[in-house]
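Peer 1: pasted the sequence and its predicted model underneath.
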Amino acid sequence: MVDSTATEKDGAGFKIIYQILITMLVIAIIPLGGLWYIGIHKSRQQWTANIYRNLVENTEHLTRSVDDWTNMNLRLLEQNAALPAILGMDSNGQNPVLKAVTDTYEWIYLAFTILPDGQNLGRSDGKPVTFYGDREYFKQVLGGKPMGQQVLLGKTSNKPAFILAKPIKGEGAKNHGVIAIAMTLEDLSKTITKTRIGETGYAILLDDTNRLIAHGQGEVSSELQDFSSHPVLSQRNRFDHDSFVFEDNGKKIVAFSKRTGQGWTLIVQQDYKEAYAAADQAQRNALLLLLVTLATVIVIAYLLARRLSTPIRNLTLIADEISRGNLNAVIKEKGRSDEIGALARAIDRMGVSLQMAFERLRKR
């Protein structure tokens, strides 16, 4: 009987302390966890918006730079096309002017003129003339377009080159021929894509057929590169409809694209890990802070649970002693001013009443 009672008392004590502990933890953890989740979620959303805004701003800035760079070269062509030495359509007069162009602008490796029949007339490099009538930029200008452009393997450099061309027009807007400049893509990449975004962010410039004009990492091979399969252009490997996060060669990237004034495409991209590095670090720090806070809450809740359950267990033991006839048990909790103190004083009065009743019974 004694063992059964002791077991009952121990079980009751176990239930009280841990019920109090679990209740306090639930009350603390639910709002704390909710606030943490909401804070992390909103922080992630804000960081995503910042990354997107940064990509857009960099893309727009570079687009303006590309347009300014292109317009500068077109003005260069227009100004030289209007010079008497060029309008004279004589190679002896044109060659010094064309040579001055390549000497002044380091990214231009060849300046040249073409007759309406496609035959090369003047050259800045002094090499033998060649036939350019099969070139798309030449056909564009003779077809009436205000400018011609093409990415191709240069006949002079045997490397991928970017060509800009303008008509040579004399009196009456008669087309005397074409003036053009050729630029290697390596030099062009250095000139127009100097902007870096962190350690992994860079820009890619493509022509209207998605051929590479310039690459921020200088990755221009000896062959013409078609970037039509880039995930930003093909919209493949997109993580959701409204996302700017893509997968490129097994690696997640953030990217944004914009058309330039000439119909080219500028892509700005950055590794996903670097773009979200600060956000991920903030999330890890917040999680660490949450774990520390939870550990502190658990310790405090346990101490409070013990503080509340210990006097209750003591009073339970005293009540049990009184029920066994031990009316001299000392109740330490009588001095408390809370509900536990009131319970202790009630048990003490009960013990006194029982003593008085026993005394009356003995006197009879």
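Peer 2: Perfect, I can see it now. Numbering: from 1, shown residues only.

Peer 1: so where's the stretch 201-350 of the chain uncertain?
Peer 2: 219-223, 236-242 (pLDDT under 70).

Peer 1: how about 50 then?
Peer 2: 241 (pLDDT under 50).

Peer 1: so which residues of the chain form strands?
Peer 2: Using DSSP state E, the strands of the chain run over 108-114, 120-123, 148-153, 160-169, 175-184, 202-206, 212-215, 245-248, 251-259, 265-271.

Peer 1: ok, so what distance separates Val151 from Ile213?
Peer 2: 6 Å (CB to CB, to the nearest Å). All C-beta spots, glycine's among them, are computed from the backbone N, C-alpha and C.

Peer 1: same check on Leu142?
Peer 2: Counting by CB to CB - Leu142 and Ile213 are separated by 23 Å.

Peer 1: and if you look at Gly122?
Peer 2: 25 Å.

Peer 1: tell me, what's touching Val151 and Ile213 both at once?
Peer 2: Listed as contacting both Val151 and Ile213 by CB atoms under 8 Å, 6 or more residues apart in numbering are Phe162, Leu185, Asp207.

Peer 1: looking at the first one now. What's its pLDDT?
Peer 2: Going back to what we said before, that points to Phe162. At Phe162, the model reports a pLDDT of 88.

Peer 1: then Asp187?
Peer 2: On the pLDDT scale, Asp187 gets 68.

Peer 1: quick one: the helices in the stretch 51-200 of the chain?
Peer 2: 84-87, 91-104, 136-142, 185-192 (DSSP state H, counting those that start in this stretch).

Peer 1: and those: which comes nearest Lys42?
Peer 2: When the helices of the stretch 51-200 of the chain are ranked by distance to Lys42, counting by CB to CB, first place goes to helix 185-192 at 37.7 Å.

Peer 1: surely Trp36 meets Leu290?
Peer 2: Yes: contact criterion CB atoms under 8 Å: Trp36 and Leu290 qualify, at 5.0 Å.

Peer 1: break this structure into its domains for me.
Peer 2: What automatic domain parsing lists as the domains of the chain is 2-41+284-363, 82-184, 189-278.

Peer 1: right, so of the ones you listed, which gets closest to Val66?
Peer 2: domain 189-278 (5.1 Å).

Peer 1: how close does Gly341 get to Leu304?
Peer 2: From Gly341 to Leu304 the distance is 17 Å (CB to CB).
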